[in-house]
Structure formats: C-alpha cells, structure tokens
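Participant: Generate coordinates for the sequence data below:
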Amino acid sequence: MEASLAFPLLAGLIGIALFFDFLNGLHDAANSIATIVSTRVLRPQYAVFWAAFFNFIAFLFFGLHVAETLGTGIINPDIVSPQVIFAALMGAIIWNIATWIFGIPSSSSHALIGGLVGAGLAKVGLSSIVWGGLLKTVGAIFMSPAIGFFLALTLVLIVSWVFVRQTPFAVDSTFRVLQFVSASLYSLGHGGNDAQKTMGIIAVLLYSQGYLGGEFHVPFWVVISCQAAMALGTLFGGWRIVHTMGSKITRLNPMQGFCAETGGALTLFGATWLGIPVSTTHTITGAIIGVGAARRVSAVRWGIAGNIVFAWFVTLPAAALISALFYWLAGFFQ
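Facilitator: Residues are numbered from 1 along each chain as shown. Take a look at the predicted model:
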C-alpha cells in the first residue's frame with residue numbers, strides 16, 4: 001500500500017489511539033488521586049489538575065523503553081497493519097468503557113496488550129506473538145501488585161517506628177504536606193508508564209506504513225500528543241473508580257496515603273526504566289492493600305479486593321476476544 005494513499009486511514013487510526021489514551025487517563029485517574037482524595041488532603045477537582053500536570057511532564061523524566069516494548073515486543077511488528085491496530089484499539093476501548101461504567105478498576109494497559117494479542121492471533125495465529133515480551137508483561141501482572149504491597153507495607157512499618165514518639169496530630173500534619181510529594185511521584189510514574197503504551201501503538205503503525213524511514217522509533221510529536229491526551233483524560237477523572245480505590249478497599253490516613261503512593265511510585269519507576277508495561281491499577285491496589293494490612297488484616301475489605309483481582313485475570317482474554325471479533329468484522333470492509 002502506498003503511504004500517501006493510506007494517510008486518511010492512518011490519521012483516523014491515530015485519532016482512535018489518542019482517544020484510547022484519553023480514556024486511559026479517564027479510567028486510570030483514580031490510580032493517581034485515590035489516596036490523596038480519600039485522605040482529604042485535596043478535593044477531587046483539585047487533585048485531578050495536580051495529577052494531570054505530572055502526567056503530562058512525565059516524558060521529561062523517562063526514556064521510551066515501554067513504548068518500544070509495546071511497539072515491537074508484544075506482537076511481531078512485521079504483521080502489523082491498519083486492520084490489526086484498529087482491532088486492538090477497539091478491543092481495549094470497549095473493555096475500558098465497560099469496566100468504567102461498572103466502576104471496576106481493571107487495567108487499561110492489559111486491555112491494550114490483550115487487544116494486540118487478539119488481533120495478532122486473528123491475523124496469523126501463534127506466530128504473531130513475541131513470547132519474550134508477552135511473558136515478561138504477564139509476569140508483571142503478578143509482580144507489580146506484590147512489589148507495591150511489600151514496599152508500602154515496609155514503608156508503613158519504617159514510618160511508624162520513626163514517628164513513634166510524635167503525637168497523632170503532628171504525624172497527620174507532616175504527612176498532609178508529604179502526600180503532595182508522593183502523589184506527584186505517583187502521577188509521574190503513571191504518566192511515564194501508561195502514556196508510552198499508546199506511543200508504541202502509534203509508532204508501530206507509522207512504521208508499518210513506511211513513515212519512520214525503515215527504523216522503529218517514536219517521533220517527538222507522538223510523545224507530546226500521547227502525554228497531552230492522557231493528561232486531558234485525567235482532568236475529566238473517573239469518579240466511580242475513585243470511590244472504589246480510595247475508600248472501599250480500606251480507609252486511609254495521610255501517613256498511609258503517603259506510603260501507598262510512594263510504594264506504588266517506586267514500583268512504576270522501576271518498571272518504566274526496565275521497559276515493562278505494568279498496570280498502574282494493579283500497582284496502587286497492591287500498595288493500598290499493603291498499608292491496610294499493616295494496620296490489621298481485617299482493615300482490608302478482601303471481598304472487594306478479590307473482585308478487583310478477578311478483573312485483572314479476565315481483562316487480557318476479554319480484550320483479546322473483542323479485538324479478534326473486530327479484526328474479523330473489519331475484513332468485510334477491505
């Protein structure tokens with residue numbers, strides 16, 4: 001296909017990808033602001049502005065390793081076509097909207113990965129899969145919440161020991177200030193990891209159509225567009241999911257909120273530097289459960305946490321199935 005002839009279709013697919021990125025910010029806004037809202041350090045309408053700003057500037061602090069993994073490390077870039085990208089995006093978008101409507105904090109990241117896998121399988125079968133990258137990502141489904149859990153739990157224990165002689169009022173006042181720092185760090189990690197997933201999708205689409213000169217890379221305009229789309233989505237906020245993440249799992253005070261955000265941020269920083277597309281939802285959920293369990297095991301509403309874990313495992317196959325269906329449907333319009 002001539003690149004010039006494909007331009008209108010290409011522009012439309014890039015628009016759909018940016019719409020997914022916007023939905024990702026909308027869907028995952030709760031991950032960045034749930035703890036700072038639930039501790040009443042910031043009102044939701046101010047918290048989303050705070051999170052959106054740090055979402056946007058995240059590209060200044062991280063490389064593009066996650067974008068490279070999404071672009072070339074999940075399915076073989078040589079089999080990518082507009083039909084594959086369209087199907088992958090529709091699988092992820094429809095699953096995101098469904099879980100947003102029901103207030104389920106599922107993973108936008110794994111919905112997108114499931115969409116890619118489903119479209120690749122529908123096109124050429126198992127040979128489309130880059131098993132090393134996919135297995136690394138699936139492994140992160142289990143590792144990221146566990147790491148967030150143990151980091152947050154450890155931070156709670158350390159902070160409790162350091163501030164053991166302080167009055168509750170003094171501790172609360174200190175961590176109300178420090179939570180601005182931890183919320184900023186978490187929003188940086190969120191923007192750094194999540195926006196890069198859409199960058200990878202757009203870049204591999206451009207590569208497949210010959211717009212990158214034969215060598216895969218992420219153009220700067222793609223970086224800025226994706227960061228802006230995610231920040232805009234965060235501004236709109238996902239209030240249903242904020243309620244689930246911020247209060248239904250466990251009640252938090254500012255010290256616990258600081259520990260959850262910091263533990264989650266450290267997990268995201270490490271994953272982004274390693275080029276692993278993890279779920280911010282998984283990470284902050286694990287961290288929130290960690291700080292709740294540090295207080296007492298019964299402080300965590302394990303039934304709701306279990307429903308969230310169930311959604312994690314359903315997301316990949318559900319998005320893959322929807323994506324495969326759209327790949328099949330798109331074939332009628334070729």
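Participant: and residue 216, that's in a strand?
Facilitator: No: assessed with DSSP: H, G, I helix; E, B strand; the rest coil, residue 216 is coil; it does not lie in a strand.
Participant: can you tell me how far it sits from residue 203?
Facilitator: 7 Å (CB to CB, to the nearest Å). Just so you know, the C-beta spots here come from the backbone N, C-alpha and C atoms, and that holds for glycine as well.
Participant: I figured residue 77 hits residue 216, correct?
Facilitator: Yes: using CB atoms under 8 Å, residue 77 makes contact with residue 216 at a distance of 6.6 Å.
Participant: Spell out the residue ranges of the helices in the stretch 101-250 of the chain.
Facilitator: 108-124, 131-162, 168-208, 220-236, 239-243 (DSSP state H, counting those that start in this stretch).
Participant: Which among those helices is found nearest to residue 332?
Facilitator: helix 108-124 (13.5 Å; CB to CB).
Participant: hang on, the earlier thing: which residues do residue 77 and residue 216 both contact?
Facilitator: 71, 204, 207 (CB atoms under 8 Å, 6 or more residues apart in numbering).
Participant: Next up, the contacts around residue 324.
Facilitator: Taking CB under 8 Å, 6+ apart, one finds 87, 91, 118-119, 121-122 in contact with residue 324.
Participant: Try it again at 7 Å.
Facilitator: Taking CB atoms under 7 Å, 6 or more residues apart in numbering, we find residue 324 in contact with 118-119, 121-122.
Participant: just checking, it is part of a helix?
Facilitator: Yes: counting by three-state DSSP, residue 324 is found in a helix.
Participant: okay, and the common contacts of residue 216 and residue 203?
Facilitator: Common neighbours of residue 216 and residue 203 are listed as residue 71 (criterion: CB under 7 Å, 6+ apart).
Participant: More neighbours: which of those two?
Facilitator: residue 203 (27 against 17; other CB atoms under 10 Å).
Participant: hang on, isn't that one packed against residue 72?
Facilitator: No: assessed by CB atoms under 7 Å, residue 203 is found out of contact with residue 72, at 9.0 Å.
Participant: shared neighbours of the two, anything?
Facilitator: By CB under 7 Å, 6+ apart, the residues touching both residue 203 and residue 72 are residue 216.
Participant: which of the contacts of residue 324 lies closest to residue 15?
Facilitator: residue 119 (18.1 Å).
Participant: Show me the shaky parts of the stretch 201-334 of the chain.
Facilitator: The model of the stretch 201-334 of the chain has pLDDT under 70 over residues 237-251, 295-309, 334.
Participant: try 90
Facilitator: 208-215, 233-254, 256-257, 277-315, 330-334 (pLDDT under 90).
Participant: Where neighbours are concerned, which of the shared contacts of residue 77 and residue 216 has the most?
Facilitator: residue 71 (28 neighbours).
Participant: Distance-wise, check that residue relative to residue 252.
Facilitator: For residue 71 relative to residue 252 (CB to CB), the value is 37 Å.
Participant: now swap in residue 12 and tell me
Facilitator: In terms of CB to CB, residue 12 sits 43 Å off from residue 252.
Participant: between the two, which one's more packed in?
Facilitator: More neighbours surround residue 252 than the other of residue 12 and residue 252, with 27 against 12 (other CB under 10 Å).
Participant: I figured residue 282 was touching residue 145, is that so?
Facilitator: Yes: the pair residue 282 / residue 145 is scored as a contact, 4.4 Å apart, by CB under 7 Å.
Participant: just to revisit the earlier point, if we compare the helices of the stretch 101-250 of the chain, which one ends up closest to residue 82?
Facilitator: helix 168-208 (7.1 Å).
Participant: roughly how far is that closest one from the heart of the chain?
Facilitator: In terms of CA atoms, centre = their mean, to the nearest Å, the centre of helix 168-208 is set 10 Å apart from its chain centre.
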